[in-house]
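*Asks:* Provided below are the primary sequence and the corresponding predicted coordinates.
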Amino acid sequence: MTLADRKLPISLVVITKNEASCLAKCLQSADFVSEIVVVDSGSTDDTVQIAERLGAKVFHQDWLGFGPQKQFAVNCAKYDWVLCLDADEYLSPRLKESLKNLFTKDPADHAYCFPRCNKFFGRFLRHGEGYPDLSLRLFNRQYAHWSEDLVHEKIVPNDQDFQVRRLEGDLMHESGESISKYIEKQNTYTSIQAKLMWKQGKKASVTKIVVSPLVRFLKFYFIKGGFMDGLPGLVHISIGCFTVFLKYVKIKCFNVNHGCD
């Protein structure tokens with residue numbers, strides 16, 4: 001059996017809800033894994049049928065929040081090595097080759113990260129906050145797990161002896177959502193974040209509300225070269241700055257009257 005034909009001891013893990021438009025591309029890009037696990041939270045389109053047609057084991061779980069939902073999916077996997085992708089992401093040929101080469105022998109590290117290339121406003125961003133957007137998505141579940149965060153979830157090591165290495169190649173992110181949908185999602189995320197931060201005792205001063213978005217814009221548009229991504233880069237960074245503004249305004253609202261609705 002050649003390297004190209006070999007199925008690797010990895011479980012591809014994906015959480016879904018109404019992802020029929022992009023799921024096939026995601027799953028097919030990782031055709032070298034031994035198992036596909038899809039955890040669906042109530043799709044009303046053809047998501048489940050597409051997953052089953054492509055050989056996935058499909059589980060249903062009502063929505064728990066991003067971190068808990070992804071950990072539930074990891075727990076459903078057969079293999080300790082899990083590759084966690086979002087349904088609107090897929091592996092570039094270079095990243096796919098890196099992953100396959102990694103398993104020509106037992107991986108020496110506990111986890112692997114790689115750049116994520118985000119498509120926004122019709123263009124893949126290569127600068128600013130849109131790239132390299134390093135994402136840890138391949139890990140051995142004996143050494144780490146997903147956090148309990150409802151949004152902006154992350155991989156949490158089980159102990160301090162946790163080794164992470166970067167792989168070559170990009171994880172392509174092509175959501176296809178409209179600007180309106182993107183802004184709506186950011187509004188939802190900032191409400192969740194603000195409430196959690198308020199419960200943790202965080203406060204937001206007027207200075208923080210005003211200065212944080214400005215600093216973010218200077219960092220990503222000028223220092224990190226976001227201006228080289230043209231109009232898509234400008235729009236992406238501007239929305240990101242407004243998102244920071246919203247988050248701190250909502251924290252301030254919670255501090256003042258215990259609510260931000």
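*Replies:* Received, thanks. Numbering: from 1, shown residues only.

*Asks:* Which stretches in the stretch 51-200 of the chain count as helices?
*Replies:* 66-76, 93-102, 179-199 (DSSP state H, counting those that start in this stretch).

*Asks:* any idea of the pLDDT on the residue nearest in space to the middle of the chain?
*Replies:* The centroid of the chain falls nearest to Asp86 when counting by CA atoms, centre = their mean (6.3 Å). With respect to pLDDT, Asp86 has a value of 98.

*Asks:* Isn't it up against Val14?
*Replies:* Yes. Asp86 is within contact range of Val14, at 7.1 Å (criterion: CB atoms under 8 Å). Any C-beta I mention is one placed from the backbone N, CA and C, and that applies to glycine too.

*Asks:* Name the single longest helix found in the protein.
*Replies:* If you go by DSSP state H, the chain has its longest helix at helix 230-257.

*Asks:* Check which helices and strands that helix is in contact with.
*Replies:* Here helix 230-257 is seen to pack against strand 116-120, helix 179-199, helix 206-217 when contacts are counted using 3 or more CB pairs under 8 Å, 6 or more residues apart in numbering; DSSP states H and E.

*Asks:* out of the ones you listed, deepest packed?
*Replies:* strand 116-120 (a mean of 20; mean count of other CB atoms under 10 Å).

*Asks:* Could you point out which residue ranges in the stretch 1-150 of the chain have low pLDDT?
*Replies:* 1-5 (pLDDT under 70).

*Asks:* rerun at 90
*Replies:* Along the stretch 1-150 of the chain, segments meeting pLDDT under 90 span 1-6, 130.

*Asks:* how many neighbours does Asp161 have?
*Replies:* Close neighbours of Asp161, defined as other CB atoms under 10 Å, add up to 8.

*Asks:* for it, phi and psi?
*Replies:* phi -80, psi 70 (degrees, to the nearest 10).

*Asks:* Touching, Pro107 and Trp81? I think so.
*Replies:* Yes. Using CB under 8 Å, Pro107 makes contact with Trp81 at a distance of 7.5 Å.

*Asks:* Looking at these two, which one has more neighbours?
*Replies:* More crowded of Pro107 and Trp81, by other CB under 10 Å: Trp81, with 22 against 17.

*Asks:* Surely that one touches Tyr143?
*Replies:* No. With contact defined as CB under 8 Å, Trp81 does not count as touching Tyr143 (10.5 Å).

*Asks:* that older thread, which residues are in contact with the residue nearest to the centre of the chain?
*Replies:* For Asp86, the contact set (CB atoms under 8 Å, 6 or more residues apart in numbering) comprises 14-15, 26, 173.

*Asks:* Many thanks, we can stop here.
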